[in-house]
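Undergrad: Next one to model:
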Amino acid sequence: MSNRRMVTRHGKTFEVETLDFEPSSPKRRRAPTGQRFAMLTEERLKLLKHASRAAVVIYCYLLMVNWKDLRQPVKLTNKALAEIGVSPDAKLRALPQLKRAGLVKVKSAAGQALLVTPLK
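TA: This next block holds a predicted model:
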């Protein structure tokens with residue numbers, strides 16, 4: 001159904017027709033799956049071209065943990081890396097690769113887990 005009426009604005013009279021419509025259903029947001037993601041851009045992927053599997057896994061882990069603010073350091077514990085399949089020895093070999101590629105900054109303290117900050 002429509003509704004017709006006359007409206008005067010700025011000294012001119014117009015015929016206006018108001019149309020009835022069915023509002024569309026509101027868009028539903030997808031329910032969160034609880035899965036985290038790593039934003040791996042093409043530039044980052046090119047820098048990882050010659051890196052080992054462990055280096056790629058560690059870097060993806062850093063991106064996944066810090067997806068909101070990449071400049072925050074992450075405590076890289078052996079326990080956390082064991083859950084994603086990286087051994088402590090592989091970690092020690094992979095971090096210099098990531099450092100040389102300019103992807104991370106590593107800060108170490110005696111007897112403490114390494115603090116790794118993603119740079120790009």
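
Undergrad: Tell me where this structure has strands.
TA: Assigned by DSSP state E, the strands in the chain fall at 2-9, 12-19, 74-76, 104-107, 114-118.

Undergrad: can you list the ones you listed in CSV and add distance to residue 63?
TA: Where you see a C-beta, it was placed from the backbone N, CA and C, and this is true even at glycine. As requested, these are exported to CSV (distance: least, Cβ to Cβ, whole Å):
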stretch, distance to residue 63
strand 2-9, 55
strand 12-19, 50
strand 74-76, 10
strand 104-107, 11
strand 114-118, 6
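
Undergrad: distance of residue 99 from residue 38?
TA: 19 Å (Cβ to Cβ, to the nearest Å).

Undergrad: beta partners of residue 4?
TA: residue 17 (DSSP bridges).

Undergrad: Was I right to think it contacts residue 15?
TA: Yes: taking contacts as Cβ atoms under 8 Å, residue 4 lies within contact range of residue 15: 6.3 Å.

Undergrad: need the contact list for the residue lying closest to residue 36 once chain neighbours are set aside.
TA: Closest residue in space to residue 36, ignoring its immediate chain neighbours: residue 64 at 4.7 Å, by Cβ to Cβ, 6 or more residues apart in numbering. With contact taken as Cβ atoms under 8 Å, 6 or more residues apart in numbering, residue 64 is in contact with 36-38.
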